[in-house]
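Q: the following comprises the amino acid sequence and a computationally predicted model.
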Amino acid sequence: MAKPALAAVPAANAAAPAKKSKLLLIIVALLVLGGAGGGGAWWFFGRAHDAAEPKVAKAKPPVFHTLDPFTVNLAEENGDHYLQVAVVYELGDDKAIDKVKTYLPVIRNRILLLLSAKRPSELAGAEGKQKLVNELVAAARESIPGDTPQRGVTGAYLGAFVIQ
């Protein structure tokens, strides 16, 4: 009678690996389904969240165009004075550079007329220089035809400034 007890033990041992492999298979299946469900929820709700937030456009680097320096006689005031100035325009994009180049003779003419009408005392302080920069922007914008007020010119800077 001892033999039937020994025979029952191997049968129980054979059933245990089959149960363990089924249990392992079920656990793996649950992990895969849970991961797929979690990934699907993340994708779905993540996209809805992204659509609700406005996307901020990446700032473009500025576009600059430097004009050849100007040397002009200033309006008389306590003797003869001249001004040497370099103007750098900040433009909206590369298309604006083409517009500036096309209308460069008109822009340079307006700048020469503007500068030669100035007195040294008008340009001596920071306020006078800032006023000049604003007038340089306006001169460029008025020289370029178009419907928009800026016409591609967003600002101007003084690259060099000498009064003698």
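A: Received it, and whenever you're ready, just let me know what you need.

Q: pLDDT (mean, whole number) over stretch 107-123?
A: What stretch 107-123 shows for mean pLDDT is 95.

Q: how about the secondary structure of the nearest residue to Ile144 once chain neighbours are set aside?
A: Leaving aside its chain neighbours, Ile144 sits nearest to Arg151 (4.3 Å; criterion: Cβ to Cβ, 6 or more residues apart in numbering). Any C-beta I mention is one placed from the backbone N, CA and C, and that applies to glycine too. Of the three states, Arg151 takes coil according to DSSP: H, G, I helix; E, B strand; the rest coil.

Q: what's the answer for Gln130, then?
A: Under three-state DSSP, Gln130 comes out as helix.

Q: number of nearby residues for the residue nearest to Ile144?
A: Per other Cβ atoms under 10 Å, the neighbour tally for Arg151 reads 20.

Q: what do you get for Asn73?
A: So Asn73, with other Cβ under 10 Å, has 11 neighbours.

Q: spit out the contact partners of it.
A: For Asn73, the contact set (Cβ atoms under 8 Å, 6 or more residues apart in numbering) comprises Asp80, His81, Tyr82, Ser116.
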